[in-house]
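Asker: Based on what follows, work out the 3D shape:
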Amino acid sequence: QVQLQESGPGLVKPSHPLSLTCTVSGGSITTNYYAWSWIRQSPGKGPEWMGAIAFSGNTYYKPSLKSRMSISRDTSKNQFVLQLSSVTPEDTAMYYCTRIGAEGYDYWGQGTQVTVPS
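Answerer: Numbering: from 1, shown residues only. Predicted coordinates:
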């Protein structure tokens, strides 16, 4: 059973960077042909796909976020990391890490709330 667990600060000051880690168990992040993504949901809005890192290490980003985000991985720890720079209150959301398989988003973390005060 694959499990994903997000971790990171719950409160980030405006203009500061955000770093979230997703720790994966029950499966390797390098296993063909999965990808691992970050999705967030702000209050009153639908889910927003932010980006992903594939089993190969290739990364993919939402164009509107690409300039200030990156996704990296630590294969020795079976983790992937979201970094988002210069956060604003609009970045306040529940952040989820997920696995993308042949049938779509098949495993999700429980989510972690990030708040950027105004």
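Asker: Show the contacting residues for residue 12.
Answerer: Applying Cβ atoms under 8 Å, 6 or more residues apart in numbering, we find residue 12 in contact with 18, 87, 91, 114-116. From N, CA and C alone the C-beta is placed, and that goes for glycine too.
Asker: Tell me the secondary structure at residue 15.
Answerer: coil (DSSP: H, G, I helix; E, B strand; the rest coil).
Asker: Tell me how many other residues surround the closest residue in space to it that isn't next to it in sequence.
Answerer: Using Cβ to Cβ, 6 or more residues apart in numbering and skipping residues adjacent in sequence, the residue nearest residue 15 is residue 86, 5.5 Å away. Close neighbours of residue 86, defined as other Cβ atoms under 10 Å, add up to 12.
Asker: Could you list the buried residues of stretch 15-34?
Answerer: Neighbour-count burial for stretch 15-34, counted by 16 or more other Cβ atoms under 10 Å, picks out 18, 20-24, 27, 29, 34.
Asker: which residues does the residue nearest the centre of the chain bridge with?
Answerer: Centroid-nearest residue in the chain: residue 38, 2.8 Å away (criterion: Cα atoms, centre = their mean). Beta-bridge partners recorded for residue 38 (DSSP bridges): residue 51, residue 97.
Asker: can you tell me how far it sits from residue 46?
Answerer: To residue 46, residue 38 is 15 Å away according to Cβ to Cβ, to the nearest Å.
Asker: how about the strands in the protein?
Answerer: 3-7, 18-25, 35-41, 48-54, 59-61, 69-74, 79-84, 93-101, 104-108, 112-114 (DSSP state E).
Asker: Give me the sheet partners of the second one and which way each runs.
Answerer: When you say that, I think you mean strand 18-25. Sheet pairing for strand 18-25, assigned by DSSP bridges, gives strand 3-7 (antiparallel), strand 79-84 (antiparallel).
Asker: pLDDT on it, on average?
Answerer: Computed over strand 18-25, the mean pLDDT rounds to 98.
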